[in-house]
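A.B. asks: Kindly generate the corresponding structure for this input.
(one chain, ligands or ions: 4)
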Amino acid sequence: KNIENKMEMALKNRDFFVYLQPKYELANRTIAGAEALVRWRDPEQGMLLPDLFIPVFERNGFIVRLDLYVFEEVCRSIRRWLNEGKKVTPISVNLSRAHLPDPDFLEPYRKICDKYEVSPSLLEFELTESIMFENFKSLAPVIENMHQAGFTCSMDDFGSGYSSLNILKEMPVDAIKLDRDFFLPGSKTDITRGKSVIETVIELAKKLHIKTVAEGIETLEQVDYLKAAGCDMIQGFVFAKPMPIPEFEKLAYPIG
Ligand code: G
Ligand code: G
Ligand code: MN
Ligand code: NA
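C.D. replies: Numbering: from 1, shown residues only. Ligands and ions are numbered 1, 2, ... in the order given. Model (predicted):
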């Protein structure tokens, strides 16, 4: 059976799982947050990765419900950690462009926070750069609404498309995530021009009081370079892969 025939049943059967990938503060290499990334454990086909099903769900609209499901699972976990006295760090969720046509799309997110009595300050939305570019005129007020409700917002995949630096001026985001393409082996980063771009973006973000997170970091050499360049945080296989919530807990909130 194809993906579209199975998605409803999969949601009902709780075959979608939230994985968390830690984000590390470069100043002290401690976990300062995490990104939620969905996985689909299909009883017949095994683990399905988002690249296979997210594009399908973006076309048919199902992504709106899946994003909310992910968000609720995250809030449920945060509530449990708070009850256990853990010092909780913020978790980010990816927000599909499919939410944006609905002017009240934030309402269900707020309701879930209320239901679990979780402060929206512990939650962040990641919107990909291309969404910001496509909605150049209309998106700034949406981000203001997120702030009004207490959420933070970051620009994902920064530098992956034909973005202009103007986007940083127009979008009141709290953080930018430097696209992992910058850090691919043999990529632009290896040459002076690539490094100049990264360093200039980090410097500019600092002046705008926007945090920087580098994604897809796989080597300690990159870690040292980014720290020297003034980047705030990194997310990547060098320190941790996306992992099931129980594993994340053991790593982020060790006993004792
Ligand atoms: O998880 P992976 O590490 O394979 O992510 C692949 C892509 O799928 C990324 O672009 C990521 O933003 C997207 N993605 C992962 N989880 C979610 C989700 O819960 N909602 C949305 N909208 N996109 C997601
Ligand atoms: O939402 P976004 O498009 O940023 O999704 C993050 C994606 O990056 C996920 O698919 C995640 O599994 C992947 N990822 C995270 N860290 C690394 C890394 O160090 N190397 C590579 N190749 N991919 C990574
Ligand atoms: Mn992301
Ligand atoms: Na990204």
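A.B. asks: Can you name the residues in contact with the longest strand seen in the chain?
C.D. replies: Taking DSSP state E as the criterion, the chain has its longest strand at strand 31-42. With CB atoms under 8 Å, 6 or more residues apart in numbering as the test, strand 31-42 has contacts from 6, 10, 15-25, 47-50, 53-54, 66, 70-71, 73-74, 89-94, 124, 126, 233, 235, 242, 248, 251-252. C-beta coordinates here come from the backbone N, C-alpha and C atoms, glycine included.
A.B. asks: Let's see that with 7 Å instead.
C.D. replies: Applying CB atoms under 7 Å, 6 or more residues apart in numbering, the contact partners of strand 31-42 are 10, 15-25, 47-48, 50, 53, 66, 70, 74, 89-93, 126, 233, 235, 242, 248, 252.
A.B. asks: pLDDT below threshold where in the protein?
C.D. replies: When residues are selected by pLDDT under 70, those of the chain lie in 1, 186-191, 256.
A.B. asks: who does the next helix or strand after the longest strand of the chain pair up with?
C.D. replies: Along the chain past strand 31-42, the next helix or strand (assigned with DSSP states H and E) turns out to be strand 46-48. Applying DSSP bridges, strand 46-48 is found paired with strand 31-42 (antiparallel).
A.B. asks: close to ligand 3, is stretch 110-126?
C.D. replies: Yes: contact of stretch 110-126 with ligand 3 (CB under 5 Å from the ion) involves residue 126.
A.B. asks: hmm, back to that, mind checking how far the longest strand of the chain is from the chain centre?
C.D. replies: Between the centre of strand 31-42 and the centre of its chain there are 9 Å (CA atoms, centre = their mean, to the nearest Å).
A.B. asks: Also stretch 8-17?
C.D. replies: Using CA atoms, centre = their mean, the offset of stretch 8-17 from its chain centre is 22 Å.
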